[in-house]
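> Test case, fold it:
(one chain, ligands or ions: 2)
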Amino acid sequence: MLKDKISPLKPPRTDAMSPGTGGTRLDDLQHTDPFNDTTRDGEIKESLRLDDGFIRNLNLNKLNQTQDMTCKKVEMKCDEITPVVEEEPQKQPSLESNREEERLDEEEDVTLEILEEMNRLEESFPILTTDYRLIDKIGEGTFSTVYKAEALNGIIKLGSDIWQSPPLKKKQKESATKKPKNPIVAIKQIYVTSSPNRIHNELNLLYILSGNSHVAPLLDVLRYQDQVLAILPYYQHSDFRDFYRDLSVKGIKKYLWELFHALDFVHTKGIIHRDLKPTNFLYDPFKGKGVLVDFGLAEKYNPLTASSNRSSNSCPCTSRDKEVISRSYTKRLNIKPAYPKQDQRPPRRANRAGTRGFRAPEVLFKCNNQCTKIDIWSAGIIGYSLLSRKFPLFNSPDDTDAILELALIFGFEKLKKCAELHGCGLVINLDKPDTMNGNLVKILHDLLAYENEQGCIPEDSVIHDTLKLFNETGDKFVRPIEPSEHDDSGAESFEEKLESYRDHKHLMELLYSCFIMDPSKRLCAKQMLKLPFFDELATNLDDEILL
Ligand SMILES: Nc1ncnc2c1ncn2[C@@H]1O[C@H](COP(=O)(O)OP(=O)(O)O)[C@@H](O)[C@H]1O
Ligand SMILES: [Mg+2]
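Numbers count the residues shown, from 1 in each chain. Ligands and ions are numbered 1, 2, ... in the order given. Just a heads-up that it's a prediction; the model follows:
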């Protein structure tokens with residue numbers, strides 16, 4: 001029953017953009033484009049897709065021997081990808097087997113370029129092929145490439161808490177006499193340009209975080225010379241761009257429930273993810289299951305180091321007397337905005353790792369006391385993106401613009417106060433700042449209403465569930481009016497309307513809690529999970545009901 005309520009996903013849009021996999025990450029010094037992931041292998045696939053006939057020919061080993069070396073390589077690889085199976089008498093295909101065939105086609109749908117890339121990896125990493133068979137490339141980021149692979153020789157055993165791997169061949173499933181299917185894994189090839197410390201950090205954190213169904217556990221690590229491969233379970237998931245406009249408020253609820261559970265676990269272990277964004281949270285909207293990946297920028301939060309920093313270089317936000325400090329800064333800064341001509345002060349240094357558009361204000365203001373709350377801010381950005389059905393939500397080219405964007409949304413005064421909290425002065429020289437003063441409902445209305453006016457929202461879209469809740473000015477949700485006693489025709493729909501209204505209201509409450517400027521006042525993941533928005537999930541502890 002709950003399943004129907006929580007997984008109200010409409011079929012993915014056919015006009016969805018090419019899958020964007022991986023994510024660009026920034027380290028503390030580097031600034032790159034985090035959204036370049038939209039131009040990765042998804043596009044390459046489109047331009048180089050081999051037609052079915054060609055693939056079949058390769059599988060049947062019918063390639064002319066005189067073809068060049070490249071084709072020979074491909075022939076070899078394609079044979080590996082679709083091992084020949086004995087022909088069985090043809091059965092009438094069932095819906096289930098159709099779906100499975102689709103999945104198999106997906107496996108076969110590997111481009112020439114990717115096949116060559118996988119071949120190169122296998123050649124340069126000889127021990128890899130002993131236990132793994134590469135199937136496809138599934139993601140590419142600044143510091144790694146991720147491949148889908150089959151684990152051979154029983155080297156990997158997946159626990160029951162891991163989502164089921166897709167079956168390799170329908171016939172394996174049908175025949176009890178056949179060998180049990182091999183587990184499917186994700187192989188993350190960490191680029192050799194990553195520093196040994198960075199690689200060690202990622203692997204170590206993955207190891208520490210093993211044992212929770214919301215975080216991808218480290219199954220194995222392979223090293224050959226300077227190359228390192230991390231082996232994780234493979235999670236079937238959908239690209240965020242394919243479903244973010246189709247999730248109803250119940251679907252958003254389940255997504256965030258999974259996300260905050262993952263964060264709660266990670267934060268309880270004292271780890272900050274630092275790069276929370278949709279590509280790093282693999283979500284299956286049909287199963288309502290999500291798992292957090294990519295701990296390449298994650299770090300252990302050490303409150304002792306943070307507090308021992310207090311004296312000299314520490315951010316004023318660590319002070320117990322924040323109000324007083326903030327006021328004195330305000331006083332000093334408000335005398336006259338002035339800048340030293342030759343500023344001799346050393347630049348402020350703080351970890352800025354993360355992705356633009358998802359960074360909390362304390363990261364933008366280079367606070368050196370960043371804690372797990374920076375992930376809560378990023379979770380809020382994802383949540384607001386889901387509700388406004390807008391992705392990416394922010395697209396600022398640098399941190400200065402990012403601060404301005406936040407100022408326009410939350411109000412200049414609020415941002416100035418936030419800057420002061422972290423010991424920064426903020427001067428914005430726009431004459432008539434037209435800000436939304438933090439009214440997230442109004443912003444939501446304006447975004448959706450504009451899109452609706454442009455005729456960009458299909459009639460049957462779940463977006464209308466949100467649109468019909470606003471008042472005339474769009475700055476509030478309106479509680480539906482109860483039908484009169486005699487008028488019971490719309491009774492059921494009134495209940496539904498009321499539930500939708502409550503869900504939206506509670507979701508906004510959650511988002512406001514994510515966007516509290518002062519990190520010490522921002523709610524933690526555990527508190528988020530206790531908010532009324534999640535009541536119906538919290539009371540139904542039998543999660544399996546969703547599968
Ligand atoms: N365990 C996994 N199962 C399925 N896909 C995965 C898995 N791990 C990573 N991916 C895919 O690879 C992409 C890049 O992985 P990630 O760990 O984020 O690497 P990067 O550090 O390059 O961003 C992810 O966005 C996802 O699409
Ligand atoms: Mg990533």
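> use CA for all of it now, contacts and neighbours both
OK.
> which residues are contacting stretch 284-299?
Outside stretch 284-299, the residues that touch it by Cα atoms under 8 Å, 6 or more residues apart in numbering are 6-7, 9, 25, 27, 198-199, 201-202, 205-206, 213-216, 236-238, 243, 251, 254-255, 258-259, 262, 271-275, 280-283, 353-354, 546-547.
> er, stretch 523-536 actually
Stretch 523-536 has contacts (Cα under 8 Å, 6+ apart) with 253, 257, 260-261, 263-264, 267, 373, 376, 503, 506-507, 510, 513-514, 538.
> What are the buried residues along it?
Of the residues in stretch 523-536, those with enough neighbours to count as buried (16 or more other Cα atoms under 10 Å) are 523-525, 528-529, 532-534.
> Pull the contacting residues for the nearest residue to residue 399 once chain neighbours are set aside.
Sequence neighbours aside, residue 364 is the residue nearest to residue 399 in space, at 6.0 Å (criterion: Cα to Cα, 6 or more residues apart in numbering). By Cα under 8 Å, 6+ apart, the contact list for residue 364 reads 352, 399, 402-403.
> For the residues you listed, could you give me TSV that also reports distance to residue 141?
Output for these, formatted as TSV (distance: Cα to Cα, whole Å):
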residue	distance to residue 141
352	18
399	21
402	22
403	26
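> follow-up on the earlier one: now, of the contacts of stretch 284-299, which are buried?
So, by 16+ other Cα under 10 Å, the buried ones in those are 6-7, 9, 25, 199, 201-202, 205-206, 213-216, 236-238, 243, 251, 254-255, 258-259, 262, 271-275, 280-283, 353-354, 546.
> Filter the contacts of stretch 284-299 down to the ones in strands?
Counting by DSSP state E, these place 271-272, 281-283 in strands.
> how about these in CSV, adding distance to residue 465 and pLDDT?
Compiled in CSV, the ones in strands among the contacts of stretch 284-299 are given as follows (distance: Cα to Cα, whole Å; pLDDT from 0 to 100):
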residue, distance to residue 465, pLDDT
271, 37, 98
272, 35, 98
281, 26, 98
282, 26, 98
283, 23, 98
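> And these, which is closest to ligand 1?
residue 282 (6.6 Å; Cα to the nearest ligand atom).
> Please, which helix or strand holds residue 452?
Following DSSP states H and E, one finds residue 452 within helix 440-453.
> sorry, back to before: min pLDDT across the contacts of residue 364, which one?
Minimum pLDDT for those is recorded at residue 352 (89).
> I'd like to know how far that one sits from ligand 1.
16 Å (Cα to the nearest ligand atom, to the nearest Å).
> That residue against residue 367, yeah?
No. Judged on Cα atoms under 8 Å, residue 352 makes no contact with residue 367 at a distance of 9.1 Å.
> Could you measure from residue 147 over to residue 287?
23 Å (Cα to Cα, to the nearest Å).
> With neighbour numbers in mind, choose between those two.
residue 147 (23 against 16; other Cα atoms under 10 Å).
> Tell me the pLDDT of the more buried one.
Residue-level pLDDT assigned to residue 147 equals 98.
> is ligand 2 contacted by the helix or strand hosting it?
Per DSSP H and E: residue 147 is located in strand 144-151. No. Residues of strand 144-151 are not located near ligand 2 by Cα under 5 Å from the ion, the shortest gap being 8.4 Å.
> Just checking: what are the partner strands of that strand?
Next to strand 144-151 in the sheet, as set by DSSP bridges, lie strand 132-140 (antiparallel), strand 184-190 (antiparallel).
> ok, for residue 398, nearest residue in space, not its chain neighbours?
Using Cα to Cα, 6+ apart and skipping residues adjacent in sequence, the residue nearest residue 398 is residue 356, 7.4 Å away.
> same thing with residue 194?
residue 143 (6.5 Å).
> Quick check: that neighbour vs residue 453, distance?
42 Å.
> Show me which of those two is the more surrounded one.
residue 143 (18 against 9).
> if I look at the more buried one, how far off is ligand 1?
The value you get for residue 143 to ligand 1, if Cα to the nearest ligand atom is used, is 5 Å.
> Could you pull up the contacting residues of that residue?
Residue 143 sits next to 25, 190-191, 193-194 when contact means Cα under 8 Å, 6+ apart.
> returning to what we had before: could you look over the strands paired with strand 144-151 and pick the most buried one?
The highest mean neighbour count among the strands paired with strand 144-151, using mean count of other Cα atoms under 10 Å, belongs to strand 184-190: a mean of 24.
> What are the contacting residues of that one?
With Cα under 8 Å, 6+ apart as the test, strand 184-190 has contacts from 143-151, 165-166, 199, 227-235.
> Now the buried members of the residues you listed.
143-151, 165-166, 199, 228-235.
> how far does stretch 466-482 stretch from start to finish?
19 Å.
> hang on, I meant stretch 281-294
Stretch 281-294 stretches 9 Å from its first residue to its last (Cα to Cα).
> Does it reach ligand 1?
Yes. With Cα under 6 Å from any ligand atom as the threshold, stretch 281-294 lies in contact with ligand 1, specifically through 293-294.
> and the longest helix seen in the chain with helix 440-453, angle?
For the chain, the helix with the greatest residue count under DSSP state H is helix 491-514. On the basis of axes from the mean of the first three to the mean of the last three Cα atoms, to 10 degrees, helix 491-514 is oriented at 120 degrees to helix 440-453.
> next SSE after helix 491-514?
Sequence order places helix 525-529 as the next helix or strand after helix 491-514, per DSSP H and E.
> Check the average confidence over that next one, would you?
98.
> Pull out the C-alpha coordinates of that helix and format them as PDB.
Taking C-alpha atoms only, helix 525-529 is exported to PDB below (Å, rounded to 0.1, in the frame of the first residue of the first chain):
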ATOM      1  CA  ALA A 525      20.600  14.600   9.700                       C
ATOM      2  CA  LYS A 526      19.100  12.800  12.700                       C
ATOM      3  CA  GLN A 527      16.900  15.800  13.500                       C
ATOM      4  CA  MET A 528      15.800  16.100   9.900                       C
ATOM      5  CA  LEU A 529      14.600  12.500  10.000                       C
END
